[in-house]
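Chemist: When you get a sec, could you give me coordinates for this:
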Amino acid sequence: MSKLVSVIMPARNAGDFIKKSIDSVLAQTYPDFELIIIDDKSTDNTREIAKSYADARIKIVDGPGIGISAAFNTGLENAKGEYFCRCDADDLFPEERLMIQVQWLNEHPEYVAICGSYTSIDEKGRHILQYHKDTHSRCIDSKFQEGHTITHFGTFLIKTEVIKSIGGCRSFFKTAEDIDLQLRMSQKGAVFFMAKNFYRYRLHNLSITHNQPSTQRKFFEAFAKECHRERVSVGTDALMRGDTPDIPDVIDEKQHTADSHMMNQLMSESWYWFNAGHRGQAFKSGYRLVSISPFSWLAWRNLMLLVLKSFK
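Modeler: As a prediction, the model looks like this:
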């Protein structure tokens, strides 16, 4: 018997991208799912786009408008599926993603979740970077035990009862809520990593990642991992004990833009491949950076250095 999958899609002013995100979920080769769109107090045309679909699998619910953690939990409260996953309103699912993951979890009930690789795309949907260049599928419990999250939460398919048993996201986390969620979930059972792309993550300047000061982003990420170390060591963490830390103040901090993020990623990838002896792949990454940022001196400088180094 087919098992229902609940796909939640938190959305706040996502009118520029949400249609493509919805389409990518509706295009799944696995048909037995519900798509729960959480309209988190949008002031643009997000809701109108969502309502334009005449598909009974789509359910639109109102979010509280107080952040991603609360929006996530609203979706979780409405989830009726046996399995659960998340697609942000600017990202994409590959079309066979649910079919592959559902089949694997059905065949391996001893696991609580399966995750995998992902790629990044730019605002126009162009490929930027392939994450996880290895092809080694494995159980990743040891990584979680060490406090490492190796992939994007959007790649996960999880038993819904497991996410509900830990209460979903914790409202303290304005960002990095997915890191905290992964680490808490990992203590409920085994997680498998499949070396296959399950998610396309869009980099653009309107995303939460690029609208939050890096000081606060790093603080939440570090605190999520600190909490995990505490739970592993003594069974509880600061938030569970009611010890809420102060969030650092930010004064005139320069934002980390999507363009700079893409620049850093592609430069790093080009030199990764170059040093690994795959010069064709290195030049491919270098050319991709130039094509995305044709007026950037750093992009051209990176490509010229690759050419010069190849003759040494």
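
Chemist: burial measure for Thr46, as a count.
Modeler: As a burial measure, Thr46 scores 24 neighbours (other Cβ atoms under 10 Å). (Glycine included, C-beta is placed from N, CA and C.)

Chemist: Hmm, it is touching Met9, no?
Modeler: No: here Thr46 lies out of contact with Met9, judged by Cβ atoms under 8 Å, at a distance of 10.3 Å.

Chemist: who touches both of those two?
Modeler: The contact sets of Thr46 and Met9 overlap at Ile18, Ala89 (Cβ atoms under 8 Å, 6 or more residues apart in numbering).

Chemist: Low-confidence bits of the chain, can you list those?
Modeler: Applying pLDDT under 70 to the chain picks out residues 1, 134, 204-213, 250-259, 261-262, 266, 270-273, 306, 311-312.

Chemist: elements contacting the longest strand that it contains?
Modeler: Taking DSSP state E as the criterion, the chain has its longest strand at strand 190-202. The contact analysis (3 or more Cβ pairs under 8 Å, 6 or more residues apart in numbering; DSSP states H and E) places strand 190-202 against helix 97-107, strand 111-121, strand 138-139, helix 141-145.

Chemist: Go through stretch 282-290 and flag the buried ones.
Modeler: Neighbour counts using 16 or more other Cβ atoms under 10 Å place Ala282, Phe283, Ser285, Gly286, Arg288, Leu289 of stretch 282-290 among the buried residues.

Chemist: Stretch 42-51 too?
Modeler: For stretch 42-51, burial by neighbour count (16+ other Cβ under 10 Å) applies to Ser42, Asn45, Thr46, Arg47, Ile49, Ala50.

Chemist: From those residues, pick the one nearest Ser120.
Modeler: Proximity of these to Ser120 (Cβ to Cβ) peaks at Thr46, which lies at 22.6 Å.

Chemist: which residues touch the closest one?
Modeler: Taking Cβ under 8 Å, 6+ apart, we find Thr46 in contact with Ala11, Arg12, Asn13, Ala14, Gly15, Ile18, Asp39, Ala89.

Chemist: Kind regards, and thank you for your time.
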